[in-house]
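Visitor: Next input, structure requested:
(chains A and B)
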Amino acid sequence: MAMKERRGYRSGLVDLPMGEISREIFVNEDIYAEEQERIFARAWLHVGHESQIPKPGDYFVSSMGEESVILCRDRAGRIHVFLNSCRHRGMKVCRYDEGSTPVFTCPYHGWSYGTDGRLVGVPYFREAYHSRLDKEKWGLVEVAQLANYKGSIWATWDPAAPSFTEYLGGFTRYLDLQLDGWDGREGQAEVLCGVQKWLVPCNWKFPAENFSGDTYHNISHRSVDLAGIGPSGAGRRDMGERDVSRKLHVCIPDRGHQTILYVLPADKVPPPAYLNAPIVAEYFRHCEAERRRLRGPEARLVGAPGEIFPNTALLSRQPRTMAGWHPRGPHQTECWRWFFVDRDAPSEVKSILRDYYIRYSGPAGMTEQDDMENWNYAHAASRGTIARRFPYNYDQGSGTAVDDYEYQGLRVPGDVIDLTEVQSSEQPMRNFYRRWAEFMEADDWSQLATWRIGERKAAE
Amino acid sequence: MSGPINIRELAPGTSIVLADGAEAEIVANPGDGIWLFARYLSSPSDAALIGQEDMIFAQNVVSVGRSGAA
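Guide: Predicted coordinates:
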């Protein structure tokens, strides 16, 4: 085959029937460039949380794919997401991480925009432009769609994308575990302190697949388990509730979202947690009781690492965080981690959780450091001419998922593998990369909304 | 000729003189060093501007009149 034809993405690099994925999709610069258009310009992406911009004029500079965006609240209290780039010559109009302002002013030539995105200030408007510049036409570029889901802000550049809840499909159940209060009340989460940000020399898909539900790499965290950073003085988390639960891989086919999930037996109350901090232990004991009262059988679900396609990770239990894997070239990822607490939790509880969260996650977190080391060296060792010839193996547990899983009366829709005995599967990764390949091959959302095609056929 | 004016330091209530001889009073200062929100007190070139609020570009401010609240 001619060299030129081999450069970018081609069908077959993700070969799920064979359980193989080419290393090219992680290290090939042409494929990376195609991802920016075909994935990051079309998918729904996590931008931030409304608790980061509580007042009119507040802003938080975020990222959608490679591009800088401003999440802000205008003077009327409406939330917007804008491309952080002046319409005149492209300079960033906001170079702080967060703050509050009446206007975003480009430092290059001085064009200035209101927090509603309108162009409000043009130097020498009367003199040099003779008052003829159409300011309405030259406002900041705004995302095509924005969704506020229980306080979390999501956006897409594609006007043809389905609504955010349709994009999530059945995965709302797991995002709810992240954003609802521990006591079961809806949308009680708030961001604790700032966002941790750091660079890892690896492709963005390494962390994305890891947080899709890689239980196979637990051996990497052996040392932190031995050190005992957990909130009860052992391991890295409280494992009591997990030891009595069914442990599942849950994948939402057609959507590319997947998670680990624990399901408690119908008659079990979660064992005590946070035993090193009585005030936190009491808080969670109270919340768990309330959750069971408000949510009934649904309170048997215990969240664990998961991934919303393409680049948002969830971890709703311990530590309670969300992460974004922002592509910064094929060989570098900027990792962002938000930490969450119940906004009504006592300040002592928030303070203790903060200490635990940063002990576990982020650039100084003992568990996250293990992960970073793996992604860093796996990526570097996959870049070479020889290394690229040999695909990775993704065959673990192929053909063993069921789509009608039920445990003691609680149904779990999706493609599910019960890990309680088998320990591990790569179903979540296959689900992620199946969706990745669909995005790389589909021309538009009429092809990407594969569930609609199924629904249409069923109706016929 | 006076030295360069540090736009960021000008408080609301301060009056400024613009390049075309107009005088305006600062209403708000966003602190970006580039813009001021001000109300025209006088405008020799366009009387219709008097009393109106406008964004004033820093390069248009030629001098500072009376000071506003710090």
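
Visitor: can you count the residues close to B:Ala19?
Guide: For B:Ala19, the neighbour count with other C-beta atoms under 10 Å in any protein chain shown is 12. Backbone N, C-alpha and C define where each C-beta goes, glycine included.

Visitor: Verify the stated contact: B:Ala11 with B:Ile26.
Guide: Yes. Using C-beta atoms under 8 Å, B:Ala11 is in contact with B:Ile26, at 7.0 Å.

Visitor: neighbour-wise, which of those two wins?
Guide: B:Ile26 (21 against 12).

Visitor: Need phi/psi at the more buried one.
Guide: phi -70, psi 130 (degrees, to the nearest 10).

Visitor: Was I right to think it contacts B:Glu9?
Guide: No. At 11.0 Å, B:Ile26 does not count as touching B:Glu9 under the criterion of C-beta under 8 Å.

Visitor: For chain B, which residue occupies the most central location?
Guide: B:Ile16 (3.8 Å; C-alpha atoms, centre = their mean).

Visitor: who's in contact with that residue?
Guide: For B:Ile16, the contacting residues are B:Leu10, B:Glu23, B:Ala24, B:Glu25, B:Ile26, B:Leu36, B:Ala38, B:Ile56, B:Val61, B:Ser63, B:Val64, B:Gly65, by C-beta atoms under 8 Å, 6 or more residues apart in numbering or on different chains.

Visitor: cool, A:Tyr274 as well?
Guide: Counting by C-beta under 8 Å, 6+ apart, A:Tyr274 has contacts A:Pro231, A:Ser232, A:Asp238, A:Val280, A:Ala281, A:Tyr283, A:Phe284, A:Ile352.

Visitor: Could you tell me the model confidence score at the first one?
Guide: If I follow you right, that is A:Pro231. On the pLDDT scale, A:Pro231 is placed at 89.

Visitor: Assign it to helix, strand or coil.
Guide: Following DSSP: H, G, I helix; E, B strand; the rest coil, the label given to A:Pro231 is coil.

Visitor: How many neighbouring residues does it have?
Guide: If you count neighbours by other C-beta under 10 Å, A:Pro231 ends up with 26.

Visitor: swap in the fifth one?
Guide: A count of nearby residues for A:Ala281, using other C-beta under 10 Å, gives 18.

Visitor: how near is it to A:Gly233?
Guide: Distance, A:Ala281 to A:Gly233, using C-beta to C-beta, to the nearest Å: 12 Å.

Visitor: Residue numbers of chain A in contact with chain B?
Guide: Counting by C-beta under 8 Å from any C-beta of the partner chain, chain A comes close to chain B at A:Thr101, A:Pro102, A:Val103, A:Thr105, A:Pro107, A:Gly110, A:Ser112, A:Val120, A:Gly121, A:Pro123, A:Tyr124.

Visitor: related to what we said a few turns ago, tell me how far the residue nearest to the centre of chain B lies from chain A.
Guide: In this view, B:Ile16 and chain A are 16 Å apart by C-beta to the nearest C-beta, to the nearest Å.

Visitor: That residue - that's part of a helix, no?
Guide: No. Assigned with three-state DSSP, B:Ile16 falls outside any helix and is strand.

Visitor: so which of the contacts of A:Tyr274 comes closest to A:Leu83?
Guide: When the contacts of A:Tyr274 are compared for distance to A:Leu83 (C-beta to C-beta), A:Ile352 wins out at 39.2 Å.

Visitor: A:Cys72 sits in which helix or strand?
Guide: strand A:67-73 (DSSP states H and E).

Visitor: Same check on A:Glu35?
Guide: helix A:29-35.

Visitor: Also B:Glu25?
Guide: strand B:23-28.

Visitor: Those residues of chain B touching chain A, which are they?
Guide: B:Ala28, B:Pro30, B:Asp32, B:Ile34, B:Trp35, B:Phe37, B:Met55, B:Phe57, B:Ala58, B:Gln59.

Visitor: switch to 6 Å and redo it
Guide: B:Pro30, B:Asp32, B:Ile34, B:Trp35, B:Met55, B:Phe57 (C-beta under 6 Å from any C-beta of the partner chain).

Visitor: Count the residues that sit near the third one.
Guide: Just to be clear, that refers to B:Ile34. For B:Ile34, the tally of surrounding residues (other C-beta under 10 Å) stands at 23.

Visitor: That one and A:Val141, how far apart?
Guide: 21 Å.

Visitor: same check, this time on the first one
Guide: Counting by C-beta to C-beta, the separation of B:Pro30 from A:Val141 is 21 Å.

Visitor: between those two, who's got more neighbours?
Guide: Higher neighbour count among B:Pro30 and A:Val141: B:Pro30, with 20 against 15, using other C-beta under 10 Å.

Visitor: Please name the residues that touch that one.
Guide: A:Pro102, A:Val103 (C-beta atoms under 6 Å, 6 or more residues apart in numbering or on different chains).

Visitor: hmm, try it at 8 Å
Guide: Per C-beta under 8 Å, 6+ apart, neighbours of B:Pro30: A:Thr101, A:Pro102, A:Val103, A:Thr105, B:Leu36, B:Phe37.

Visitor: Now do the contacts for the third one.
Guide: A:Val103 makes contact with A:Ser112, A:Tyr113, A:Gly114, A:Thr115, A:Val120, A:Gly121, B:Pro30, B:Asp32, B:Trp35, according to C-beta under 8 Å, 6+ apart.

Visitor: quick one: contacts for A:Glu37?
Guide: Going by C-beta under 8 Å, 6+ apart, the list of residues near A:Glu37 is empty.

Visitor: again with A:Gln332
Guide: Contacts of A:Gln332 (C-beta under 8 Å, 6+ apart): A:Leu199, A:Val200, A:Pro201, A:Cys202.

Visitor: By neighbour count, which of the residues you listed wins?
Guide: Of those, with other C-beta under 10 Å as the count, A:Cys202 tops at 27 neighbours.

Visitor: picking up where we left off before, please pull up the helix or strand immediately following the strand holding B:Glu25.
Guide: Next element after strand B:23-28 (DSSP H and E): strand B:35-42.

Visitor: What strands flank that following strand, and is each parallel or antiparallel?
Guide: Using DSSP bridges, the strands paired with strand B:35-42 are strand B:23-28 (antiparallel), strand B:53-57 (antiparallel).

Visitor: With only the CA atoms kept, save the last one in PDB.
Guide: Spelled out, it's strand B:53-57. Extracted C-alpha coordinates of strand B:53-57, given in PDB (Å, rounded to 0.1, in the frame of the first residue of the first chain):
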ATOM      1  CA  GLU B  53     -22.600  56.200  29.000                       C
ATOM      2  CA  ASP B  54     -19.900  54.700  26.700                       C
ATOM      3  CA  MET B  55     -16.800  52.500  26.800                       C
ATOM      4  CA  ILE B  56     -13.800  54.700  26.500                       C
ATOM      5  CA  PHE B  57     -10.600  53.300  25.000                       C
END
